[in-house]
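Kindly generate the corresponding structure for this input.
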Amino acid sequence: MLAEQTFLFNLDPQLIFDAILLIIAVFFLVMLMSYLLFNPARKMMKDRQDRIAGEIDDAKADKESAAALKAEYEAKLKEVDKEAEAILAEARQKAIKSQNKLIDEAKEEASRIVKRAQEEAELEKKHAMDDMKQEMVAVASLMAQKVVAASINTDIQSTLVDETLKEMGESTWLS
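Prediction:
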């Protein structure tokens, strides 16, 4: 019998052959797994990374366009404020013109009313004077009638009344 050789950890050629075979199998298994699993996982990670980078770029572009739109809208708002101020100023001017026009019309109406009142007062004054003249004529006629009644007859009285009326004139009776 052969003397047994003692190896450290029982390293015999079968174990070394099995170990080498196991290393080769693990190497091919890693290569196969890399091809079947790792590469798709890497590709998926790369695609995800590219998609995230694209989304970040889109977000930056959206942010920039939003800032541009905001600036544009702020400019439009300022322009609208200016237009509103112009419209309000124009409306104020129109209101002032309308107010002045109404005041002028009211003044004209008041002057017409005053003038009409003065004319009516003049007419009333003339009517009062005419009435007074008629009253005076009536009183004078009554007095004359009483005086004459005592001293003259009706023919003389008619003649005196006619003469008095002619002397006074027709203008007194027409006004």
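
For the residue positioned nearest the centre of the chain, give its distance to Leu77.
For the chain, Ala84 is the residue whose C-alpha lies nearest the centre (CA atoms, centre = their mean; 7.4 Å). Separation of Ala84 from Leu77 (CB to CB, to the nearest Å) stands at 10 Å. C-betas here are computed from N, CA, C, even on glycine.

How about Gln49?
41 Å.

One more: Ile20?
80 Å.

How about Glu163?
On the measure of CB to CB, Glu163 and Leu77 end up 98 Å apart.

how many other residues sit next to Ser141?
Other residues within reach of Ser141, judged by other CB atoms under 10 Å, total 16.

Give me the neighbour count for the closest residue to it other than its chain neighbours.
Excluding its sequence neighbours, the residue lying closest to Ser141 (CB to CB, 6 or more residues apart in numbering) is Val161, at 6.9 Å. Applying other CB under 10 Å, we find 14 residues neighbouring Val161.

tell me which element Val161 falls in.
Taking DSSP states H and E as the criterion, Val161 maps to helix 154-168.

Kindly report the same for Asp104.
Per DSSP H and E: Asp104 is located in helix 39-151.

Packing partners of that helix?
Where contact means 3 or more CB pairs under 8 Å, 6 or more residues apart in numbering; DSSP states H and E, helix 39-151 is packed against helix 154-168.

Specify the angle between the helix it packs on and helix 39-151 in degrees.
140 degrees (axes from the mean of the first three to the mean of the last three CA atoms, to 10 degrees).

In this structure Ser141 contacts Ser158, no?
No: with contact defined as CB atoms under 8 Å, Ser141 does not reach Ser158; the gap is 11.9 Å.

For Glu64, give its distance to Ile52.
Using CB to CB, Glu64 is found at 19 Å from Ile52.

Equivalent analysis for Glu90, please.
Taken as CB to CB, the span from Glu90 to Ile52 is 56 Å.

ok, now Leu69?
From Leu69 to Ile52 the distance is 25 Å (CB to CB).
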